[in-house]
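Student: Predicted model, plus sequence, below.
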Amino acid sequence: MTITMDEGVYRDALTAAAEHHMSVSAWISRCTRAETMRDALTRHQQWCAAEGLTGPDDEQHRAHLAADAAVELDRLGAARGRDAGDAA
């Protein structure tokens, strides 16, 4: 797979990957996974607000949804031959 990025961003990625003792590919994958999860969480929070699931009574329901999401991520990771921790 090939990606194109700004030269400055690439230099930043090289530096950050080295600081974390990771390959650039692994570091980019980790960051992409984190950003994807942040985006999903934001969309989930927006959905909860739209559905009226924002009060303390709904905390257990939100925790259940988050646990289900984590299980699904692990399942997808296993299907790809790795566990979710590899991308974290």
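Tutor: Sure, I can see it. Numbering: from 1, shown residues only.
Student: can you give me the helices for this structure?
Tutor: According to DSSP state H, the chain carries its helices in the segments 7-19, 24-50, 59-79.
Student: Who are the packing partners of the longest one?
Tutor: Which is helix 24-50. When contacts are defined as 3 or more CB pairs under 8 Å, 6 or more residues apart in numbering; DSSP states H and E, helix 24-50 sits against helix 7-19, helix 59-79. The way it works is simple: take the backbone N, C-alpha and C, and place the C-beta from them, glycine included.
Student: burial of W27, as a residue count?
Tutor: W27 sits with 19 neighbouring residues when counted by other CB atoms under 10 Å.
Student: Quick check: pLDDT value at the nearest residue to it once chain neighbours are set aside.
Tutor: Among residues not flanking W27 along the chain, A17 sits closest, at 3.7 Å (CB to CB, 6 or more residues apart in numbering). If you check A17, the pLDDT there is 93.
Student: OK, contacts around A17?
Tutor: By CB atoms under 8 Å, 6 or more residues apart in numbering, the residues touching A17 are 23-24, 26-28.
Student: Export the residues you listed as JSON lines, with columns for pLDDT and distance to R62.
Tutor: Formatted as JSON lines, these follow (pLDDT from 0 to 100; distance: CB to CB, whole Å):
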{"residue": "S23", "pLDDT": "94", "distance to R62": "36"}
{"residue": "V24", "pLDDT": "94", "distance to R62": "36"}
{"residue": "A26", "pLDDT": "92", "distance to R62": "31"}
{"residue": "W27", "pLDDT": "92", "distance to R62": "31"}
{"residue": "I28", "pLDDT": "93", "distance to R62": "30"}
